[in-house]
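K.L.:
Fold the following for me, if possible:
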Amino acid sequence: KEGRVDMKTPPPILLSMNVLSNHVGEVIHFITHYEAVRQVEKVINDNNFAAQFKNSFGNEYYRAMKDWLKNVANRGSTDMDAGPWAAISRHLRIGMSMVAMGLNVGTAIMQGFGTFTTIDEIGVGYTSKGLVKAMNPGVYKDVIAMSGEIRHITKNMDREIADSLNRAFMAGTIRKVSEQVKQFAFMHIAYAQRVVNVAAFEGARLKALDEGRSAADSIRYADSVVRITQSGAGLKDLARVQGGNELMKLITPFYTYFSVLYNRYADAIRETGTNPMSWMKFSQRMMWLTLIPVYTEIMMKGKEPDEEEDWLEWFMWQNFDYMMTTVPVIREATKIATSDYRPEPVPAFKVLSDMNNAKSSLNKLINEGYDWDDLTIPQQRAMANVVSTLGHLPQKTPWRIYESMVDDEVEKPVRHILMGTGRTD
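P.N.:
Below you'll find the predicted structure:
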């Protein structure tokens, strides 16, 4: 009872089946976080701290810090998360994650891009040393024992994956099997990201030790490097735009890595000045943060400009698109402005488009005498995506294997299976 207050206007009665699990989670969160949140609140509200912080970073950052603490205190939930539309949005968002990342080999490969942000912070040499150590499975146990940040980020590597793997109060055989399927679907991504995380930690720790820092200080420094170079889905790690209600989350999916990249860009710009050497360093950082990642992605996916396009101009536009992915809404507008096709503004629109196409295809199968083979590959894919989205079933790589076997448009099956870019259409 202590710490609770009477409310003049009680909240609405929730009739969902997860009320009990949510309440227990709230109580556990209150017990584990109350004292820490209270102490941080005292620091933030201290007049001397507030004055110095505002002078260094501005009022907007100070207000954001208060919002961040509030978000941690209430587990990231809002009043709008209790309605039916929130439940529908959450279901679709998790389904989108299963379609996009579940059993997707290409997503695991792309986790390696986290090494570029690590290089930006500690350099090629120490990142390489960290990667060598990360390849040893036994090192992971030692790192877990040393690093609180690695323990945290291993469980919270991506917002969508973390939400998909919420296993609280599993009940029934179907629910348990569903959770096991989700764990298996994301396991390859978790292992790939674990290698990148351990490489960042070990590389930074070795760098600190070579600089003469103590063992304890080197671990603290390594934790800080992991925190600012690798993506995490904990409340303390998420950008402000990734918070809010479920409807807001639905339009900012798959942003966790690009949030880290945005901060790296902001840090690089902040360090520029009138000194010409600062711009040399900026150019070097942009090479590792943008030019090399974009070129690597082009080579892996086999992208190439149209015959009439100049390659260098096309490559510059590819870099521009990549940088714009760090800003929600603007990234979707950029895709629309620079694409020759009709991309959906947000992934949620792709779900609605697939549902509309699947409805038309289903009508052909039921009422017009069509067989499955009579449907085009895009029509079949839309139906598979809808089933996967609504049923939270992973299918990305298995479906690409199927396409590679039956679709004449797939000229490079290995590339199509791994990256989804081996088709000619």
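K.L.:
which residues does the residue located most distally from the centre of the chain contact?
P.N.:
Within the chain, G369 marks the point farthest from the mean C-alpha position, 42.4 Å out by C-alpha atoms, centre = their mean. Applying C-beta atoms under 8 Å, 6 or more residues apart in numbering to G369 gives no contacts. (Glycine included, C-beta is placed from N, CA and C.)
K.L.:
Dihedrals phi and psi, it?
P.N.:
For G369, the backbone dihedrals (degrees, to the nearest 10) come out as phi 80, psi 20.
K.L.:
Let me know the pLDDT of it.
P.N.:
pLDDT for G369: 89.
K.L.:
Counting neighbours, show which residues of stretch 309-324 come out buried.
P.N.:
F315, Q318, D321, Y322, M323, M324 (16 or more other C-beta atoms under 10 Å).
K.L.:
Same check on stretch 134-146?
P.N.:
By 16+ other C-beta under 10 Å, the buried positions in stretch 134-146 come out as A134, V139, Y140, V143, M146.
K.L.:
Wait, the first one touches A192, no?
P.N.:
The one in question is A134. No. With contact defined as C-beta atoms under 8 Å, A134 does not count as touching A192 (10.8 Å).
K.L.:
show me what contacts L362?
P.N.:
M383.
K.L.:
Report the separation between it and M355.
P.N.:
Separation of L362 from M355 (C-beta to C-beta, to the nearest Å) stands at 10 Å.
K.L.:
Just the helices from the stretch 51-200 of the chain, written as ranges.
P.N.:
Taking DSSP state H, counting those that start in this stretch as the test, the helices found in the stretch 51-200 of the chain are 59-73, 84-101, 105-110, 114-122, 124-134, 137-146, 148-155, 159-164, 173-210.
K.L.:
Low-confidence ranges, the stretch 151-300 of the chain, go.
P.N.:
Judged by pLDDT under 70, the stretch 151-300 of the chain has its weakly predicted residues at 157-175, 244.
K.L.:
ok, back up a step: go through the helices of the stretch 51-200 of the chain and pick out the most buried.
P.N.:
Ranked by mean neighbour count, those are led by helix 114-122 with a mean of 23 (mean count of other C-beta atoms under 10 Å).
K.L.:
between it and helix 124-134, how many degrees?
P.N.:
130 degrees (axes from the mean of the first three to the mean of the last three C-alpha atoms, to 10 degrees).
K.L.:
can you list the residues that contact helix 114-122?
P.N.:
127, 130-131, 193, 196-197, 199-200, 203-204, 207, 225, 228-231, 257, 260-261, 264, 268, 285, 288-289, 292-293.
K.L.:
likewise stretch 215-230?
P.N.:
Residues outside stretch 215-230 that contact it (C-beta under 8 Å, 6+ apart) are 114, 117-118, 120-122, 146-150, 153, 193, 196-197, 200-205, 207-209, 213, 237, 260, 263-264.
K.L.:
How about stretch 380-398?
P.N.:
Contact with stretch 380-398 is made by 91-92, 94-96, 98-107, 164, 178, 181-182, 184-185, 351, 353-355, 357-358, 361-362, 372, 375, 399, 403, 417, 420, as judged by C-beta under 8 Å, 6+ apart.
K.L.:
tell me the mean pLDDT for that stretch?
P.N.:
If you average the pLDDT over stretch 380-398, you get 90.
K.L.:
Figure out how far it is from the centre of its chain.
P.N.:
Relative to the centre of its chain, stretch 380-398 is centred 20 Å away, using C-alpha atoms, centre = their mean, to the nearest Å.
K.L.:
can you check stretch 51-71 too?
P.N.:
25 Å.
K.L.:
Begin at 6, not 1, for the rest of this chat.
P.N.:
Yes, from this point I'll number from 6; that puts the last item at stretch 56-76.
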